[in-house]
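Novice: What follows is a predicted structure for the sequence shown.
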Amino acid sequence: MGQSINRPSRAPSITTQVCLAPELWLAIFEHLPFRTLHDVTLTCQSFRYLAQPLLFHSLTFCPYSLDTDNKRFIPRIETVERTKQRIQFCSSARIAHAVRECKFYPRYIVGAVLNPEIAHNVLLDILLDTLPLFVNIQSLSFMFVDLKSVPVTETAARYEALGAFS
């Protein structure tokens, strides 16, 4: 009656480690859907370091609104700061090489009011200054931007000199 059976208190843990070269992991990660890739970046520091740049193949910035004459304006100073931080992060050495596409569009905000303290080109100028850091960019889109302005012309000339536009 008093028989005892020795059983493990928990299932034995089996730890297997797959050691692949970072280049192979990166080749695998490039084929994952965006959501799965995001989950991979949360797995461990090594995977985050490898996979995080892949999350930034396509950038879209929508920092300004349009008035009734389709002229750009930025309604809130917080938008300027947040967008500056995003541009700074995306143009960092760790992320910029992965960017293939960049879009700069208006966001239609009902009831947005012009803030005269904010220059409407401030974020466009910052983005144009950082464009040369996106060395693998293949597509660049602007909406409601005057392409005759001097900074755009200078940036296009720099890219042509680098052979980015053919």
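Specialist: Received, thanks.

Novice: Output the below-cut-off pLDDT ranges for this protein.
Specialist: Applying pLDDT under 70 to the chain flags the ranges 1-18, 109-112, 146-166.

Novice: ok, now with 80
Specialist: Applying pLDDT under 80 to the chain picks out residues 1-18, 66-73, 75, 107-117, 119-120, 144-166.

Novice: quick one: contacts for the most centrally placed residue in it?
Specialist: Nearest to the mean C-alpha position of the chain, counting by Cα atoms, centre = their mean, stands residue 56 at 3.7 Å. Residue 56 is in contact with 90, 95, 98-99, counting by Cβ atoms under 8 Å, 6 or more residues apart in numbering. All C-beta spots, glycine's among them, are computed from the backbone N, C-alpha and C.

Novice: Save those as a markdown table, and put in distance to residue 24, neighbour count and secondary structure too.
Specialist: As requested, the contacts of residue 56 are exported to a markdown table (distance: Cβ to Cβ, whole Å; neighbours: other Cβ atoms under 10 Å; DSSP: H, G, I helix; E, B strand; the rest coil):
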| residue | distance to residue 24 | neighbour count | secondary structure |
| --- | --- | --- | --- |
| 90 | 26 | 21 | helix |
| 95 | 22 | 18 | coil |
| 98 | 18 | 18 | helix |
| 99 | 23 | 22 | coil |
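
Novice: could I get the residues you listed as TSV with distance to residue 69?
Specialist: TSV is the format used below for these (distance: Cβ to Cβ, whole Å):
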residue	distance to residue 69
90	30
95	36
98	37
99	32
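
Novice: next one: the lengthiest strand in the chain to chain centre, how far?
Specialist: Longest strand of the chain, by residue count under DSSP state E: strand 58-66. In terms of Cα atoms, centre = their mean, to the nearest Å, the centre of strand 58-66 is found 12 Å from the chain centre.

Novice: For the remainder of this discussion, apply numbering that starts at 23.
Specialist: Got it, the first residue is 23 from now on, which makes the last one we talked about strand 80-88.

Novice: next structured bit after it?
Specialist: Sequence order places strand 94-95 as the next helix or strand after strand 80-88, per DSSP states H and E.

Novice: List the buried residues of the longest strand of the chain.
Specialist: 81, 83, 85-88 (16 or more other Cβ atoms under 10 Å).

Novice: What of stretch 92-103?
Specialist: 94-97, 101-102.
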